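Undergrad: Okay, here's the prediction I keep looking at, along with the sequence it came from:
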Amino acid sequence: MDELMRKYEAEARVRKLQGLASKIVTGTAVIMSLFHLYMAGLGTMPTNKQRMIHLGLSMVLIFLLYPFWKKSSQKKAGPLDFLLAAISLGVNLYLLFNIDAISARAGLVSNMDIIMGTITIVLVLEAARRCIGIELPLLAMVFLAYAYLGPYLPGSLAHRGYSFQRIVDHMYISAEGIYGVALGVSSTYIFLFILFGAFLGETGLSKLFTNVSMAIAGHRPGGPAKVAIIASGLLGMINGSAAANVVTTGAFTIPLMKSIGYKPYFAGAVEAVASTGGQIMPPVMGAAAFIMAEFLGIPYKTVMITALIPSVLYYLALWVNVHLEALKLGLSGIPKDQLPSARVELKENGHLILPIILLIYLLFADYTPSFAAFYSIIALVIVSFLRKHTRMNLMSLVKSLDTGARGAVGVAIACAVVGIIVGVVSITGLGLQLANMILMLSAGKLIPTLFLTMVACMILGMGMPTSAAYIVAGTVAAPAMVKLGVDPIIAHMFVLYYAVLSAITPPVALAAYAGAGIAGADPTKVGWTAVRLGLAGFIVPFMFVYSTGLVFQADSVLLILGNFATATVGVICLAGAIQGYMVTRANYLIRAMLFSSALLLIDGGFVTDIIGLGLLVLSIFMQKAKLVRETVNNAKA
């Protein structure tokens, strides 16, 4: 499992340090976690200063944990790594101790400020290159060049341009650059939820989820695939990392799926799609959802409510796909006497769910996410003492603090780099220009605008963290949708969906490739199978743009229920078309009818719904007639 994590999950491609360096990293990580817990529970430090400490400690960990390149030593950090770590901490501490003085002189920056800012930008880009890959830093460098070369650019991309000093000042000193909203969300919300996940992992919650899922669904047709869906969905609700979820649950579920007859590529794809959905499944939806709430200035509770029905449709579609595949292949489940008892599992470990219930309650009670995460962590430590085998001792507490900080640095550095991109957009007005370009290309029509936005999100998501892809696409594409009358939260949810789904979309599909590694299957085949199984996820965003009841934006409860009902039928039709099976095996005509029915049900209009339902009824009637003929012919034979 560790090998798979290192191969497919950016946060796990780290050195295995030994000796003093290992102790320094662990100490830094523990201090970082304790600092964030203190700030969430008792701290009064201004948020901008908290961001500086957050980034400084994150960069220290990155330069010590992540090698300069793949051939560098994996067991020790070199002198250059320690030097870069020290400088990273230094430039952040410089700003921490001087930001008040800089503000007092009305924002006039000194030569030393510019030097420190330049070093910070360079080190942030290098830290990001080491930790999350070259794609995002390269994109940030393109944006920086755009800010500087504005007068020399053609057409509508041209602007007056900004001096080197002005750009550095904006990125380093202002609240719209590196230390902007994205890094603020990382330091106040995201870090604590990742830390909460680390504590849950140390108590063995993932095993509880897997065993309860086995008890619920393991005996049903295609049971292991349904176990993967339930377990990955539950774990994803408090994790939010697709590839990590694949490795955690897939190491158990993928071999089980293969053992009952699912093809290896299909088993890997099921796990990838199920794990990817964790980033759109409330209550904890991954980093991008918290950033969305902050960008829109709305409570995180609103984001959770908006995401609820679409996420249910996503998992329902996957469930129906694996069920129909099992029926088509004649696959059974696991005998009940070989399955764990849900009652026993809940009796032994059910107390670990209490902190999650507390977390959900606090979020819906309008407490801040940081407050909710802080007290949920405290509650988890307390309830762990209810059973001897889950009790957290000093070593497990230290390990949780260490693991949480290590897992958070990738998000932190991604948010810092995205801050550079957002800073360029804000200073140049590029967001408005790109939004106008999208509207021009789409001729001001909604469907082409949605399609262009989808493509942009998918491209940005290739090898880039979801949060980064969401922020960039949300900054430049969501405004175009809003101009066409789409509600801002729906526009941003649309962008989020496709940023998330890039994890299963070839050519760069990290979650699918992680599943392929466990399944021993061709990664490309797993990737395209994942796209097929997750096709509902690509269609659902179009559904909630046109049927706003799916995101609880409707005039009546009846309309919400109506939209949900027709969407449910739509994703079932889509699954039948994909699998070529509903009542019995379907020919191409019936599959085309089912697919057409699904598309017609996207539109919340009465006429399209009636036509779509009519096609479904007709296809079922035709399949039943075919089944009767097959039964009669078999009886005669």
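TA: Received it, and whenever you're ready, just let me know what you need. For clarity, every value in this text was computed on a predicted model and none was experimentally measured. Numbers count the residues shown, from 1 in each chain.
Undergrad: Give me the domain ranges for this structure.
TA: 2-178, 547-637 (automatic domain parsing).
Undergrad: Can you add distance to V284, mean pLDDT and mean neighbour count and give these back as a markdown table?
TA: All C-beta atoms are positioned from the backbone trio N, CA, C, and that covers glycine. Converted to a markdown table, the domains of the chain look like this (distance: least, CB to CB, whole Å; pLDDT from 0 to 100; neighbours: other CB atoms under 10 Å):
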| stretch | distance to V284 | mean pLDDT | mean neighbour count |
| --- | --- | --- | --- |
| domain 2-178 | 15 | 90 | 18 |
| domain 547-637 | 19 | 90 | 18 |
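Undergrad: Let's have those domains in a markdown table, adding distance to G423.
TA: Converted to a markdown table, the domains of the chain look like this (distance: least, CB to CB, whole Å):
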| stretch | distance to G423 |
| --- | --- |
| domain 2-178 | 4 |
| domain 547-637 | 30 |
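Undergrad: V508 should be in a strand, yeah?
TA: No - checked against DSSP: H, G, I helix; E, B strand; the rest coil, V508 lies outside a strand; its state is coil.
Undergrad: ok, it touching M462?
TA: Yes - the criterion here is CB atoms under 8 Å, and V508 meets it with M462 at 4.1 Å.
Undergrad: list residues touching both of these two?
TA: S502 (CB atoms under 8 Å, 6 or more residues apart in numbering).
Undergrad: still on that earlier bit, which one of the domains of the chain lies closest to S370?
TA: domain 2-178 (4.5 Å; CB to CB).
Undergrad: Figure out how far that closest one is from the centre of its chain.
TA: Distance of domain 2-178 from the chain centroid (CA atoms, centre = their mean, to the nearest Å) equals 22 Å.
Undergrad: State the helix or strand in which V531 lies.
TA: Using DSSP states H and E, V531 maps to helix 523-533.
Undergrad: From the contact counts, what lies against that helix?
TA: For helix 523-533, the elements it packs on are helix 264-276, helix 300-329, helix 510-519, judged by 3 or more CB pairs under 8 Å, 6 or more residues apart in numbering; DSSP states H and E.
Undergrad: Highest mean neighbour count out of those helices?
TA: helix 264-276 (a mean of 32; mean count of other CB atoms under 10 Å).
Undergrad: which residues touch whichever helix or strand comes after it?
TA: Next along the chain after helix 264-276, taking DSSP H and E as the criterion, comes helix 287-296. For helix 287-296, the surrounding residues in contact (CB under 8 Å, 6+ apart) are 181-182, 184-186, 189-190, 193, 240, 279-280, 299-300, 302-304, 307, 369, 411, 415, 465-467, 470-471, 474, 488-489, 492-493, 496, 499-500.
Undergrad: Dump stretch 516-529 to CSV, keeping only the CA atoms.
TA: Provided in CSV are the C-alpha atoms of stretch 516-529 (Å, rounded to 0.1, in the frame of the first residue of the first chain):
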residue,chain,number,x,y,z
ALA,A,516,-5.1,0.2,-12.0
GLY,A,517,-2.0,-0.3,-9.9
ILE,A,518,-4.0,-2.3,-7.3
ALA,A,519,-6.1,-4.2,-9.9
GLY,A,520,-3.1,-5.1,-12.1
ALA,A,521,-4.9,-3.7,-15.1
ASP,A,522,-4.1,-1.4,-18.0
PRO,A,523,-4.3,2.2,-16.6
THR,A,524,-5.7,3.6,-19.8
LYS,A,525,-8.5,1.0,-19.9
VAL,A,526,-9.2,1.6,-16.3
GLY,A,527,-9.4,5.4,-17.0
TRP,A,528,-11.9,5.1,-19.8
THR,A,529,-13.9,2.6,-17.9
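Undergrad: ok, back up a step: which one of the domains of the chain lies nearest to V273?
TA: Relative to V273, the nearest member of these by CB to CB is domain 547-637, separated by 11.9 Å.
Undergrad: Good, we can wrap up now.
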